[in-house]
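Novice: need a structure here:
(3 chains)
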Amino acid sequence: MYEFQINKCLTFVYYKTTNMNEEFEKQFAELQKKVGKIEKGTKDQLTMVVFSGDLDKQIAAMIISTGAAAFDMKVKLFFTFWATAALRDPKKKVGGKNFLGKMFGMMLPKGARKLKLSKMHMMGMGSAMIRGLMKKKKVASLPEMFKTAGELGVEINVCEMSMDLMGFKPEELIDYPHMKICGVATFLADAAESKVQLFI
Amino acid sequence: MYEFQINKCLTFVYYKTTNMNEEFEKQFAELQKKVGKIEKGTKDQLTMVVFSGDLDKQIAAMIISTGAAAFDMKVKLFFTFWATAALRDPKKKVGGKNFLGKMFGMMLPKGARKLKLSKMHMMGMGSAMIRGLMKKKKVASLPEMFKTAGELGVEINVCEMSMDLMGFKPEELIDYPHMKICGVATFLADAAESKVQLFI
Amino acid sequence: MYEFQINKCLTFVYYKTTNMNEEFEKQFAELQKKVGKIEKGTKDQLTMVVFSGDLDKQIAAMIISTGAAAFDMKVKLFFTFWATAALRDPKKKVGGKNFLGKMFGMMLPKGARKLKLSKMHMMGMGSAMIRGLMKKKKVASLPEMFKTAGELGVEINVCEMSMDLMGFKPEELIDYPHMKICGVATFLADAAESKVQLFI
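Specialist: Sure thing, here's the model as predicted:
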């Protein structure tokens, strides 16, 4: 009789613990997988399309970016359309452009110091006023913000198609430590894994 | 004595396993519920307000949308304000509009082919230049992008209030396979469940 | 022999249950922590940068905000750059401004009733037309939307740097129940914890 009870006991224990383990481990592994997937999609990362080449919007983009990087967020910017002009280095000259490329090159601002306000540009007076004010109020200038962004590890991805359309060449862009030229797929992958996404 | 030990053993097993189960199942179910709720809020989905009717911003919106859809993301667009004008079909005519409706109808661009650049429109020269360049560089035109978007299942929700304010009628919109007219509540519900949200 | 088996049984039970518990509790606690962290980053909250001072974009921002708040989302707005002008109360006068402050004060619109459309302002005709249409169609006016937003608990954070740059003083802003002046860090913290983020 004892033997029977002991066996029953062992069977019971085996069943209870093993079954629980198996069924449970399966469910737990599933949940872990789910959480892992969600975690990958909510990284402490800010991904931003910088579309505008307006001085004011570029300043806003760089204040948000350097702020986020200072708070230890990973920051990935996708410069596209008019914004790419802000990345041109006025000291660099490139040849071999076709007619349209030359035309765009002349018409679009050559670098951050030449950008205009979206409102109240007023033949340059408004834009100069804002630049003067920022200096007076000890707010960093846009080129200084780019420098800080580089030091903080902010990544700048430049839209390949925009470069191609406007006839810009990689050689005429500013020296920036974390810059690469890529397509919209890179932006989408970055955006899908970040907590915060903006279009400026 | 053996009997006593066997009973103790069984009681112990029962207690350990059952209690663990109960308490644990409760906690586990709670966690599963939490994860489920979070999962619903981070769908592999891109929800975008398309507010601008500028050619360049519409192109940006459609490049991002078709790109995301090609990468198997669900894409839901909310066309509002000036963007609704891009959805007008120039070949469709509707009658019965009041004075303001007729005026808006005339002043706003009739469809994607009539949109202007946000910058450098230059009496149509800039916009024509971009359209020409895109063709030359084999970038799809905006109407082609809408076609692709339709094929990829991109949903276009058109803001009811904007249609009403501008006097647009559903009958004058382009034929698009996944279009419906709805309110801001639809956008909010879509945005709340998606990984990526943008305002263009 | 029985004794041996009983001891074996107890040891087995002890091992199975205790070990499982310990190892498992550790893993479970880790998962709970992870989920908690993710949960904090996906609050039912909408955080928006309101950058534009255009009438149409401000209307869009407030329709989205009051809509979200009506659906029980927490809404936090960060008014910056041109948008801060929309918060000025035309009935309030402040003295002690320097030359630039006075100039900005005069050039920028004094409150929501003075904002212009981003497109088709047409010397005020377009903006007046939209205002008239909204009234006719029983859409709330922008000042009414601010009132509703206040009642629904929408928080307005005003960018300190913008106020400083434009020489605006807190005393000249509208009376709003949930308004405070703060920096970009506040926006970043709010954005990082919300489900939906937009830049308008």
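Novice: so the one residue sitting closest to the centre of chain A, which state does it fall into?
Specialist: Geometric centre of chain A, nearest residue: A:Lys76, 1.8 Å, by CA atoms, centre = their mean. Following DSSP: H, G, I helix; E, B strand; the rest coil, A:Lys76 is assigned to strand.
Novice: who does it bridge with?
Specialist: A:Thr47, A:Glu155 (DSSP bridges).
Novice: quick one: it and A:Val49 touch, right?
Specialist: No. Counting by CB atoms under 8 Å, A:Lys76 stays clear of A:Val49, with 10.3 Å between them. Placement of C-beta: from N, CA and C, glycine included.
Novice: which stretches in chain A count as helices?
Specialist: Using DSSP state H, the helices of chain A run over A:2-40, A:55-70, A:99-107, A:125-136, A:142-151, A:160-166, A:184-192.
Novice: quick one: low-confidence parts of chain A?
Specialist: Counting by pLDDT under 70, chain A shows low-confidence ranges at A:1-2, A:5-6, A:9-10, A:13-14, A:16-21, A:120-125.
Novice: tell me the domain boundaries of it?
Specialist: A:2-40, A:43-199 (automatic domain parsing).
Novice: need the winner for burial among the ones you listed.
Specialist: Comparing the domains of chain A by mean neighbour count (mean count of other CB atoms under 10 Å in any protein chain shown), domain A:43-199 ranks first with a mean of 19.
Novice: ends of that one, how far apart?
Specialist: Domain A:43-199 has an end-to-end distance of 18 Å (criterion: CA to CA, to the nearest Å).
Novice: re earlier: who are the contact partners of the residue nearest to the centre of chain A?
Specialist: The contact partners of A:Lys76, taken as CB atoms under 8 Å, 6 or more residues apart in numbering or on different chains, are A:Gln45, A:Leu46, A:Thr47, A:Met48, A:Val154, A:Glu155, A:Asn157, A:Asp190, A:Ser194.
Novice: between the residues you listed, which sits nearest C:Phe168?
Specialist: Set against C:Phe168, the nearest of the contacts of A:Lys76 by CB to CB is A:Met48 (26.5 Å).
Novice: which residues does the closest residue to A:Gln45 other than its chain neighbours contact?
Specialist: In space, and not counting its chain neighbours, A:Gln45 is closest to A:Ser194: 3.7 Å by CB to CB, 6 or more residues apart in numbering or on different chains. Neighbouring residues of A:Ser194 by CB under 8 Å, 6+ apart: A:Thr42, A:Lys43, A:Gln45, A:Leu46, A:Thr47, A:Lys74, A:Lys76.
Novice: let me know the closest of those to chain B.
Specialist: A:Thr42 (6.5 Å; CB to the nearest CB).
Novice: need phi/psi at the closest one.
Specialist: The phi/psi pair for A:Thr42 (degrees, to the nearest 10) reads phi -130, psi 50.
Novice: assess the claim that it and C:Lys40 are in contact.
Specialist: No. Using CB under 8 Å, A:Thr42 is not in contact with C:Lys40, being 10.0 Å away.
Novice: still on that earlier bit, out of the contacts of A:Lys76, which comes closest to B:Met106?
Specialist: A:Met48 (37.3 Å).
Novice: picking up where we left off before, reformat the contacts of A:Lys76 as JSON lines; add distance to C:Ile174.
Specialist: Output for the contacts of A:Lys76, formatted as JSON lines (distance: CB to CB, whole Å):
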{"residue": "A:Gln45", "distance to C:Ile174": "36"}
{"residue": "A:Leu46", "distance to C:Ile174": "31"}
{"residue": "A:Thr47", "distance to C:Ile174": "34"}
{"residue": "A:Met48", "distance to C:Ile174": "30"}
{"residue": "A:Val154", "distance to C:Ile174": "35"}
{"residue": "A:Glu155", "distance to C:Ile174": "39"}
{"residue": "A:Asn157", "distance to C:Ile174": "40"}
{"residue": "A:Asp190", "distance to C:Ile174": "38"}
{"residue": "A:Ser194", "distance to C:Ile174": "34"}
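Novice: ok, those residues vs B:Lys135, which is closest?
Specialist: For the contacts of A:Lys76, the nearest to B:Lys135 is A:Asn157 (25.7 Å; CB to CB).
Novice: was I right about the closest one contacting A:Cys182?
Specialist: Yes. Using CB under 8 Å, A:Asn157 is in contact with A:Cys182, at 5.1 Å.
Novice: next up, the contacts around the closest residue to A:Met62 other than its chain neighbours.
Specialist: Nearest residue to A:Met62, sequence neighbours excluded (CB to CB, 6+ apart): A:Met145, at 3.9 Å. Shown in contact with A:Met145 (CB under 8 Å, 6+ apart): A:Ile59, A:Met62, A:Ile63, A:Thr66.
Novice: next one: A:Asn157 from chain B, what distance?
Specialist: 14 Å (CB to the nearest CB, to the nearest Å).
Novice: what does A:Leu152 give?
Specialist: 24 Å.
Novice: give me the nearest residue to that residue, chain neighbours excluded.
Specialist: A:Ala69 (3.7 Å).
Novice: which ones are touching that neighbour?
Specialist: By CB under 8 Å, 6+ apart, the contact list for A:Ala69 reads A:Val75, A:Ala149, A:Leu152, A:Gly153, A:Val154.
Novice: the residues you listed into TSV, with extra columns for distance to B:Lys26?
Specialist: Converted to TSV, those look like this (distance: CB to CB, whole Å):
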residue	distance to B:Lys26
A:Val75	41
A:Ala149	48
A:Leu152	45
A:Gly153	44
A:Val154	45
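Novice: looking at these, which is nearest chain B?
Specialist: Chain B lies nearest to A:Val75 out of the contacts of A:Ala69, by CB to the nearest CB, at 16.0 Å.
Novice: now that closest one: how far from A:Gly53?
Specialist: Shown here: A:Val75 relative to A:Gly53, a distance of 19 Å by CB to CB, to the nearest Å.
Novice: what sits against the nearest residue to A:Thr84 once chain neighbours are set aside?
Specialist: The shortest distance from A:Thr84 to any non-neighbouring residue, by CB to CB, 6+ apart, is to A:Ser162 (5.0 Å). Shown in contact with A:Ser162 (CB under 8 Å, 6+ apart): A:Phe79, A:Thr80, A:Phe81, A:Thr84, A:Phe168.
Novice: closest one of those to A:Val94?
Specialist: Nearest member of the contacts of A:Ser162 to A:Val94, counting by CB to CB, is A:Phe168, at 8.7 Å.
Novice: list the contacts for the closest residue to that closest one other than its chain neighbours?
Specialist: Of all residues not flanking A:Phe168 in the chain, A:Thr84 sits nearest, at 6.0 Å (CB to CB, 6+ apart). Contact partners of A:Thr84, counting by CB under 8 Å, 6+ apart, are A:Gly53, A:Val158, A:Cys159, A:Ser162, A:Met163, A:Met166, A:Phe168.
Novice: quick check: the farthest pair among the contacts of A:Ser194?
Specialist: The farthest-apart pair in the contacts of A:Ser194, when distances are taken by CB to CB, is A:Thr42 and A:Lys76, at 14.8 Å.
Novice: A:Asp190 and A:Phe78 touch, don't they?
Specialist: Yes. Counting by CB under 8 Å, A:Asp190 does reach A:Phe78; the two are 7.4 Å apart.
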